[in-house]
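**Student:** can't give you the sequence, but here's the structure:
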């Protein structure tokens, strides 16, 4: 499970969409949609990871998972801001 890979791809797609929006709007829209799909993948993986951690008895795993969740959440929110900016 690699949520970071999904977020990296989402970031790359929305960055590319923003760069090409004026010259290639249809392609840019496709890249924006691909970015949204990658965000969806990240969310699904995060949900599964959260369930796995909750089902374990490992306190250390929960501490690390909470820290990673906070870090990934900030990154995901910054990508979502780019999506909002793209749509304006």
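**Tutor:** Yep, it's here. Remember, predicted model here, so these are calculated numbers, not experimental data.
**Student:** and residue 64, how many residues sit next to it?
**Tutor:** Residue 64: 12 surrounding residues under other C-beta atoms under 10 Å. All C-beta atoms are positioned from the backbone trio N, CA, C, and that covers glycine.
**Student:** that one sits in which helix or strand?
**Tutor:** helix 59-87 (DSSP states H and E).
**Student:** could I get the phi/psi values of residue 23?
**Tutor:** Torsion angles at residue 23 (phi, psi; degrees, to the nearest 10) stand at phi -90, psi -30.
**Student:** what number of residues are in the vicinity of it?
**Tutor:** 8.
**Student:** for residue 9, same thing?
**Tutor:** Using other C-beta under 10 Å, residue 9 has 17 neighbouring residues.
**Student:** report the contact partners of it.
**Tutor:** Residue 9 sits next to 34-35, 38 when contact means C-beta atoms under 8 Å, 6 or more residues apart in numbering.
**Student:** now, which of these sits nearest residue 14?
**Tutor:** Of all the contacts of residue 9, residue 14 sits closest to residue 35, with 4.1 Å by C-beta to C-beta.
**Student:** what sits against the nearest residue to that closest one once chain neighbours are set aside?
**Tutor:** Closest residue to residue 35 apart from its sequence neighbours, by C-beta to C-beta, 6 or more residues apart in numbering: residue 13 at 3.6 Å. Neighbour list for residue 13: 31-32, 34-35, 38 [criterion: C-beta under 8 Å, 6+ apart].
**Student:** about what we covered before: which strands and helices sit next to the helix holding residue 64?
**Tutor:** With contacts taken as 3 or more C-beta pairs under 8 Å, 6 or more residues apart in numbering; DSSP states H and E, helix 59-87 sits against helix 3-20, helix 25-55.
**Student:** hang on, residue 7 packs against residue 79?
**Tutor:** Yes. With contact defined as C-beta atoms under 8 Å, residue 7 counts as touching residue 79 (6.9 Å).
**Student:** overlap in contacts of these two?
**Tutor:** Residues within reach of residue 7 and of residue 79 at once, by C-beta under 8 Å, 6+ apart, are residue 39.
**Student:** what's next to stretch 41-60, contact-wise?
**Tutor:** Counting contacts by C-beta under 8 Å, 6+ apart, the residues outside stretch 41-60 that touch it are 1-3, 6-7, 10, 61-62, 65, 69, 72, 76.
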